[in-house]
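**Q** Could you work out the structure for the sequence below:
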Amino acid sequence: MPMNDRPGIDDMRTRILGTWRMLSWTRRLSETRLEQDALGPNPFGYLNYAPDGRVMVFVLKSGRPRPASSLPTNEEKVALFDSMFAYVGTYEVQDDRVIHSLDGSWNELWTGTKQVRLIAFDNERLIYTTAETVDPMDGQRCTYRVTFERA
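**A** The predicted model follows:
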């Protein structure tokens, strides 16, 4: 189904169910319009929408640094934190969007917030886009586009 053929809300609720594997995550900087990979090329990640209304998101930057030992240094911990993105909560599907209400997050500032993702489908791919926001990794204003396929 092309992206401009919008399914109805009941179809959207059914269609997003299940596990999705991230294919790409790009951001466009608001000031310069520069488009770049948000977590580098080939991010590793999954998104799961359960029938009970729970959502789980887990994303890792490709090529993450490996600590030298089982007890990471403070620098290694920062590098690991800065190369991931994760949260859990509930979700609600509305016309052209899904709203994630976060119970817990890799970034405690996001816990208790609502995260809005505009959703569309391009054939069997799920596409997220966002309104302008602040990138939690570097504080720059941007928009995101994330592409998933069924896992």
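**Q** Just the element for R27, please.
**A** Here R27 is covered by strand 18-29, with elements defined by DSSP states H and E.
**Q** which other residues reach that strand?
**A** 34-39, 43-49, 59, 125-126, 135, 140-151 (C-beta atoms under 8 Å, 6 or more residues apart in numbering). Backbone N, C-alpha and C define where each C-beta goes, glycine included.
**Q** Give me the subset of those lying in strands.
**A** Of those, the ones assigned to strands by DSSP state E are 35-37, 44-49, 59, 125-126, 141-150.
**Q** And for F81, the neighbour number?
**A** 12 (other C-beta atoms under 10 Å).
**Q** Without its sequence neighbours, what residue ends up closest to it?
**A** W106 (7.2 Å; C-beta to C-beta, 6 or more residues apart in numbering).
**Q** Which positions in the strand holding R27 come out as buried?
**A** W20, M22, S24, W25, R27, R28 (16 or more other C-beta atoms under 10 Å).
**Q** and if you look at stretch 66-80?
**A** Within stretch 66-80, judged by 16+ other C-beta under 10 Å, the buried ones are A79, L80.
**Q** Now do that stretch, average pLDDT.
**A** For stretch 66-80, the mean pLDDT works out to 94.
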